[in-house]
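# sequence first, then the predicted structure, then my questions.
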Amino acid sequence: MEAPAREADVSLSARNLGTIALVTAQLALTLLVVHAFRLESRTFFDVMLLATGGFAVHALLPMRYRLSFFVLLSVASLVLALGLRDGGFVLLLGLVLIAVCHLPIPMPLRALLLLGIGALFAVFRVGKLSGPWSMAIWPVLGSMFMFRLVVYLYALRYENKRPTPAQAFAYFFMLPNVCFPLYPVVDYSTFVRAYYDREALSIYETGVKWIVRGLVHLILYRFVYLYLAGDPAELASLGDLVQFVLATYLLYLRVSGQFHVIAGVLHLFGFRLPETHHLYYLASSFTDFWRRINIYWKDFMMKLVYYPSFFRLRRFGGNLALVAATAIVFVATWVLHSYQWFWLRGGFPLAPQDAAFWAVLGAFVVHGSLREMKSPRKRRLGAASFWSASLAFRTVRFFAVMCVLWSLWSAESVWAWITMWIVVGNVAPGDLWLVAGLLAVGLLIAGHEWSVKEDDGKPKPLPLRPAFQSTAVLAGLLLLGSTQLYARQGPRLAATVESLQRSTLNARDAALQHKGYYENLDNSSRMSAQLWDVQAQKPASWIGLSQTRAARFREDFLGGDLQPGASITFLDKPLTVNRWGMRDRDTTREKPPGTYRIAVLGPSLVMGSGVADGETFSDFLEQRLNESAGPASPLRYEVLNFGAAGYTLFQQLAMLEDRVFDFQPDVVFITDSPRALEPMVEQLCGQIYRHVEIPYPTLAALLRESGVMALGGTGAAVPFQSVRSLLGAAGVSTRMPWSEAERRLRMNGDALVDWSFAELAASLRRHDMPAVFVALDNVVDPLPKGKAIVGQARRAGFLVFDLYDLWVGRDQRSLRIASADNHPNAVATRLIAERLLELIQQHRVELRIDAAAAKSQPVSVKEASR
Amino acid sequence: MSDDVRATVKEFILREFLPGEDPAELTDATPLITGGVLDSIATLKLVLFIEERFGITLEAHEVSPEHVNTVADIARLVDAKKAKGGRAGV
């Protein structure tokens, strides 16, 4: 970075000062947008704040001080994001790595030494060793050094100019990395070459333009994530399938948005890095796609893998060398993605669907490369045509292929991906219109050769100037985010935008997170970025209940319960289980005279995940019922907590018969969230797979009818009944893949929930008890499907206490046990108890409280108090 | 010598990658790699052509924007190679 100090560029002329002031003002607007839409993390906002303030100072500094100032800002961002101790350790460990690169020993020895240090760091990363730092340092340190060290060593080996300390520190510790660890590869030569290689003001304007573009991508991503991305197991028609594969591909907007923001921020400090993710959805072929998408990765692979492989192999012929070098690049990309995963998230996933994705992509790129080797594609230096039918069809065809491939890459398993295509033949009304509409819009857009050329400095009308465009988009986003301005005129738009302003999980991820509590979500490589963000915020000690001593596994339909007498710390709170296996104080099996007993059943929010003993809503409800009854009441209340993390409606039914009736409750509260079905399906699949007997003949018949008993077969997993039958006829033993069974059960979801409610109601009727369904969810906005489950409960004869709307209009963050965990905290469990108290008082007759009171003899004050 | 190299390289690039383009558009300073004219495959084709045409051998690390981003860069590289003795790498 031989400061190409065009002092004219940095003189404090009125024009320059004006442009710097304008860019600073645009960055301030950017901050408002980030704040209004709560984009990414809090650290992102802090780093953008630092970058905005830093830019104003940096741009006015003489050129010779700028790089050092950028390094200072980058170090400050480390401390800002990680705190003084962890930030300091990242700096220290990073300095050690950079120092090793410059040791006066032969290059291979330096590389070996770095490999050794890397191996030692890997041991720390997996937690086998612990240091005086937290685990939070590894994703950041990893993103800064895991690939850049290789590029840096390469530059030291082949380039004549030695890096200055400021260049090296700026390269490794670059400012935006602390909040965007997915940005690990930058070419060192490019980083140095592009430093202020154009007029400074135009670099700044480009930077703002890219940041704005990145923000738009991030907001669009949130819309796709919340409204378009769904659960592949719930697809029912061709239209659903098209929406799913399209949304899966569009979810990449988050990565491209982050890359634009990062490259834009680096522009603000003079690093005119090349544009990445350039209109990648408009790629017309695999080679074109590879050239457009993450070009930093592409350039890294070219430099370190492709060219060296080609040059070594070219003696075998140009085409063979090309094919082999391309194949090596794609194998390396696959493995290095897992390597990247290791440093960023831990674990080293090498899933078959990843291999399939990279293999297919690689094969197509090889094919395209050979074709281009034979007849090169035509390039243009001048203007392009307005619309070309050939380009339109090629681009739309390629987009469709990428959607399909991307859905494979993102799939939970290969079988899950294959089985989701079952619905392709189910054409719902409107599906063909949807496909035709998408096709028409796609062709219209894709036929034009869009190109975003850098500003050539020529005078332009105001609307075409980048500064004007960026400001207009930022102002538009701010207006859009100010929903109070148009909530009356457009309540639906306002509600949609408000939902985009919250970083919440979509329905599928909320279900996955819910599942994780009892099942230990072990497939973190398939987690969505959003879910991972949430999971990563949780302390390492926050493990699922099933991994603790308080959980007991059972080989029956109940599947598991709480270990009687267990006393543990769970989610940092004391959790004690009484001798009867309830998260409750000790009690007698026989109901004391003059007692009205309520048995509460349900999942983790009933058990009280994340609240201390004595702070569950059952505890508070009992306390409030007795308080409101008063000491003179002939009746005392007991609320027994039979909740256990992850309990489904099936398990609540089994628990009723296992022990609840022994405690002679006067009423039973069955509790579940709107996501009741997903865990039920998981439970059934697990039980069929493990050959657990289904003790309910009607349920067993329902399962046989849906064909899912084939999941319990002993052979290899093979999708589709027809293929299994064919193989069976040939004497090959097969079973249904888990994903297919899951899909079939989801298709019968309503029947399963109806059956559960009917069976629960029948069981309670047999014991002459009123049946109450408490519709209660974690601290989230009500889901639309909550209405359906409430309706199903009512139809089965339940008295429904609908608390799904309990959290509406409240400060939800203050009611959760943690920002990354939506379970109700002690304040929220009190609110639940208060609402239940009101509902119980309103329904005293149906709950037979007055009848119970009439039957009771007055008891002494001493007996009445507990 | 350099002028010959420039003319030969320009002619190859125009013929192979920019057919139909106005030759005047391709100057000695037109960015080939960073400007999108040469992608990885085109660069390799050009490398194979240069090696064969001028009797030199290029190394993998020389196939970068630092060495072959413009016609002028390429001419400089070829001249340097030839001055150092043909097939030997720099």
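Thanks, I have the structure now.

# show me what from chain A comes close to chain B.
By the rule Cβ under 8 Å from any Cβ of the partner chain, the part of chain A lying against chain B is A:154, A:157-159, A:189-190, A:193, A:274, A:287, A:291, A:302-303, A:306-308, A:310-311, A:314, A:318, A:322, A:369, A:372-373, A:376, A:378-382. In this view, the C-beta of every residue, glycine as well, is placed from N, C-alpha and C.

# just the buried subset of these, please.
By neighbour count, with 16 or more other Cβ atoms under 10 Å in any protein chain shown, the residues of chain A next to chain B hold A:154, A:158, A:189-190, A:193, A:287, A:291, A:302-303, A:306-308, A:310-311, A:314, A:322, A:369, A:372-373, A:376, A:379, A:381 as buried.

# which of the residues you listed fall in helices?
Using DSSP state H, the subset of those located in helices is A:154, A:158, A:189-190, A:193, A:287, A:291, A:307-308, A:310-311, A:322, A:369, A:372-373.

# how about these, which pair is most distant?
Farthest-apart pair in these is A:193 and A:373; separation 28.4 Å (Cβ to Cβ).

# residues of chain B that sit close to chain A?
Remark: the part of chain B in contact with chain A comprises B:16-22, B:25-26, B:30, B:34, B:36-37, B:39-42, B:44-45, B:48, B:58-61, B:63-66, using Cβ under 8 Å from any Cβ.

# make a PyMOL selection of the buried ones in those residues.
Isolation of the buried members of the residues of chain B next to chain A (16+ other Cβ under 10 Å) is achieved in PyMOL through the command below:
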select buried, chain B and resi 16+17+18+21+26+30+36+37+39+40+41+42+44+45+48+58+60+61+63+64+65+66
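
# low-scoring stretches of the stretch 401-550 of chain A, by residue?
The model of the stretch 401-550 of chain A has pLDDT under 70 over residues A:451-459, A:511-532, A:534-536.

# least confident secondary structure element in chain B?
Between all helices and strands in chain B, the lowest mean by mean pLDDT, DSSP states H and E belongs to helix B:65-68, at a mean of 88.

# show me what the one helix or strand residue A:113 maps to is packed against.
Taking DSSP states H and E as the definition, residue A:113 sits inside helix A:107-125. Helix A:107-125 makes packing contacts with helix A:63-101, helix A:137-145, helix A:148-158, helix A:318-345 when contacts are defined by 3 or more Cβ pairs under 8 Å, 6 or more residues apart in numbering or on different chains; DSSP states H and E.

# excluding its backbone neighbours, what's nearest residue B:56?
On the basis of Cβ to Cβ, 6 or more residues apart in numbering or on different chains, the spatially nearest residue to residue B:56 that is not a chain neighbour turns out to be residue B:81, at 4.1 Å.

# equivalent analysis for residue A:660, please.
Residue A:660's closest residue in space is residue A:599 (Cβ to Cβ, 6+ apart), at 5.0 Å.

# what's around residue B:32, how many residues?
For residue B:32, the neighbour count with other Cβ atoms under 10 Å in any protein chain shown is 24.

# scratch that, residue A:836
Other residues close to residue A:836 by other Cβ under 10 Å number 26.

# packing partners of the helix or strand where it lies?
When elements are defined using DSSP H and E, residue A:836 is found to belong to helix A:826-842. Using 3+ Cβ pairs under 8 Å, 6+ apart, the elements in contact with helix A:826-842 are helix A:617-629, strand A:799-802.

# try it again with 6 Å
When contacts are defined as 3 or more Cβ pairs under 6 Å, 6 or more residues apart in numbering or on different chains; DSSP states H and E, helix A:826-842 packs onto helix A:617-629.

# how far does the helix it packs on sit from the chain's center?
Distance of helix A:617-629 from its chain centroid, counting by Cα atoms, centre = their mean, to the nearest Å, is 38 Å.

# can you check stretch B:25-43 too?
A distance of 9 Å separates the C-alpha centroid of stretch B:25-43 from that of its chain, computed with Cα atoms, centre = their mean.

# between the two ends of that stretch, what distance do you get?
From the first residue to the last, stretch B:25-43 extends over 19 Å; the measure is Cα to Cα, to the nearest Å.

# which residues of chain B fall in helices?
When secondary structure is read from DSSP H, chain B shows helices at B:2-16, B:40-54, B:65-68, B:71-84.

# list the helices and strands the last one packs on?
Under the contact criterion of 3+ Cβ pairs under 6 Å, 6+ apart, helix B:71-84 touches helix B:2-16, helix B:65-68.

# got the angle for the longest one vs helix B:71-84?
Angle of helix B:2-16 versus helix B:71-84, following axes from the mean of the first three to the mean of the last three Cα atoms, to 10 degrees, is 130 degrees.

# buried stuff in helix B:2-16?
By neighbour count with 16+ other Cβ under 10 Å, helix B:2-16 contains the buried residues B:5, B:6, B:8, B:9, B:10, B:12, B:13, B:14, B:16.

# which of those residues sits closest to chain A?
Ranked by distance to chain A (Cβ to the nearest Cβ), the buried residues of helix B:2-16 are led by residue B:16 at 5.2 Å.

# any figure for the gap between the residue lying closest to that closest one once chain neighbours are set aside and residue B:71?
Nearest non-adjacent residue to residue B:16, counting by Cβ to Cβ, 6+ apart: residue A:376, 5.2 Å away. Noted for residue A:376: a distance of 17 Å to residue B:71, by Cβ to Cβ, to the nearest Å.

# okay, stretch A:289-306 in PDB with CA atoms only?
Extracted as PDB, the C-alpha positions of stretch A:289-306 are listed here (Å, rounded to 0.1, in the frame of the first residue of the first chain):
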ATOM      1  CA  PHE A 289     -22.300 -18.300 -11.800                       C
ATOM      2  CA  TRP A 290     -18.800 -19.200 -10.500                       C
ATOM      3  CA  ARG A 291     -17.500 -15.900 -11.900                       C
ATOM      4  CA  ARG A 292     -20.200 -13.800 -10.300                       C
ATOM      5  CA  ILE A 293     -21.000 -15.200  -6.900                       C
ATOM      6  CA  ASN A 294     -18.300 -15.200  -4.200                       C
ATOM      7  CA  ILE A 295     -15.500 -14.000  -6.400                       C
ATOM      8  CA  TYR A 296     -13.100 -13.700  -3.400                       C
ATOM      9  CA  TRP A 297     -13.400 -17.400  -2.900                       C
ATOM     10  CA  LYS A 298     -13.100 -18.100  -6.700                       C
ATOM     11  CA  ASP A 299     -10.000 -15.900  -6.800                       C
ATOM     12  CA  PHE A 300      -8.500 -17.700  -3.800                       C
ATOM     13  CA  MET A 301      -9.100 -21.100  -5.400                       C
ATOM     14  CA  MET A 302      -7.700 -19.900  -8.700                       C
ATOM     15  CA  LYS A 303      -4.600 -18.700  -7.200                       C
ATOM     16  CA  LEU A 304      -3.900 -21.400  -4.700                       C
ATOM     17  CA  VAL A 305      -5.400 -24.500  -6.300                       C
ATOM     18  CA  TYR A 306      -6.600 -24.100  -9.900                       C
END
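
# and that stretch, how far out from the chain's middle?
26 Å.

# what of stretch A:140-152?
From the chain centre to the centre of stretch A:140-152 is a distance of 24 Å (Cα atoms, centre = their mean).
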